[in-house]
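*Asks:* Sequence and computational prediction follow.
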Amino acid sequence: MKSIKALAPATVANVSCGFDIFGFAVESPADEVIVTLTEKPGVIIKEITGDDGRLPLEATRNTSGVAVEAFLKAIGSKLGAEIVLHKKLPLGSGMGSSAASSVAALIAINHLYDNPYTREHLLPFAMEAERIACGSAHADNVAPSLLGGFVLIRSYAPLDVTKIPTPPGLYCTLVHPHMELKTEDSRRVLKSTIPMKDAITQWGNIAGMVVGLMKPDYGLITRSLQDVIAEPIRAVLIPGFDAIKATAIQHGALGSGISGSGPTIFCLSTDLETAEKVGEEIQRQFVNMKLKSDVFVSKINQTGARIVE
Ligand code: HSE
């Protein structure tokens, strides 16, 4: 039976001000998924590597399995699928780990069926997998991982997703401290209502971010990379967060914040040298707190998930 391998990249969700509505893809790391069609109906996860045995092998509890099952059901397939998942993204990192697995699996199964769905039409399957992973079908990791680029989710019902052009010289630094935060827990700590004053600040920043990226206007991007809703609550979960953010700015980053639900920190810079320097300095701060960390520097990944063989 036919078999195909696909890669889906890590993503930065929220991008400070755009809780659940902004996300962008980076070049690495990327999860690798191999999907094989089977005569026997049903989805089987044959093997997972890179997770220290922590992810469930039951297809109904694993994001790649859930996404492929939803796909097969939607097209009314009589066949089944076998999945091998090579995890390259750290779990509970805020880099869109669950999203990368489901997106890679979806790209692969769609390819095996000669692409009956556009990438936009695959989104709801990946969102369903997010619901299994963290209790919420948010799209700000799956959409950029699938579509590439910087994505705005203008609306969830109906789903309305669009890409925002970004300056070609924009670099992202990700610093992942070796600790885990579950998205489900990081969502639970948030308040369910926000004061009007904060809403107005946030609207201004979201609009400023869009204009800043499109013009481009780096000063406007810097002023807009502020979050008065989720970050103040979640920052306490990340050791030394305020000092780290200040360090990033001091060493030339346009801005810095929590990647998704954390604990990874993202920074945006206008050149590679600054992006690398900022990564080193943040890593040094984590060392001072006895925390190991990994640094990933790349441009914004404009193409998203891809078939490799
Ligand atoms: N928007 C989501 C959140 C992203 O912040 O909870 C999770 O990666």
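*Replies:* Sure thing, it's come through. Numbering: from 1, shown residues only.
*Asks:* Just list what the helix or strand of the chain with the lowest mean pLDDT packs against, helices and strands only.
*Replies:* Lowest by mean pLDDT, DSSP states H and E among the helices and strands of the chain is helix 183-188, with a mean of 92. In this structure, helix 183-188 makes packing contacts with helix 119-134, judged by 3 or more CB pairs under 8 Å, 6 or more residues apart in numbering; DSSP states H and E. In this view, the C-beta of every residue, glycine as well, is placed from N, C-alpha and C.
*Asks:* got the CA coordinates for the helix it packs on in PDB?
*Replies:* Extracted in PDB, the C-alpha atoms of helix 119-134 (Å, rounded to 0.1, in the frame of the first residue of the first chain):
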ATOM      1  CA  ARG A 119      -5.100  23.300   2.900                       C
ATOM      2  CA  GLU A 120      -7.800  25.600   4.200                       C
ATOM      3  CA  HIS A 121     -10.300  22.800   4.100                       C
ATOM      4  CA  LEU A 122      -8.000  20.600   6.100                       C
ATOM      5  CA  LEU A 123      -8.100  23.100   9.000                       C
ATOM      6  CA  PRO A 124     -11.200  21.900  10.800                       C
ATOM      7  CA  PHE A 125      -9.700  18.300  11.000                       C
ATOM      8  CA  ALA A 126      -6.600  19.700  12.700                       C
ATOM      9  CA  MET A 127      -8.700  21.900  15.000                       C
ATOM     10  CA  GLU A 128     -10.600  18.900  16.100                       C
ATOM     11  CA  ALA A 129      -7.300  17.300  17.000                       C
ATOM     12  CA  GLU A 130      -6.400  20.400  19.100                       C
ATOM     13  CA  ARG A 131      -9.600  19.900  21.000                       C
ATOM     14  CA  ILE A 132      -8.500  16.400  22.000                       C
ATOM     15  CA  ALA A 133      -5.000  17.700  22.900                       C
ATOM     16  CA  CYS A 134      -6.000  20.600  25.100                       C
END
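*Asks:* So which bits of the least confident helix or strand of the chain are buried?
*Replies:* 183, 186, 187 (16 or more other CB atoms under 10 Å).
*Asks:* could you dump it to PDB, C-alpha only?
*Replies:* Output of helix 183-188 as PDB, limited to C-alpha atoms (Å, rounded to 0.1, in the frame of the first residue of the first chain):
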ATOM      1  CA  THR A 183      -1.900  24.400  27.300                       C
ATOM      2  CA  GLU A 184      -5.000  23.200  29.100                       C
ATOM      3  CA  ASP A 185      -3.600  24.500  32.400                       C
ATOM      4  CA  SER A 186      -2.400  27.700  30.900                       C
ATOM      5  CA  ARG A 187      -5.800  28.400  29.500                       C
ATOM      6  CA  ARG A 188      -7.600  27.600  32.700                       C
END
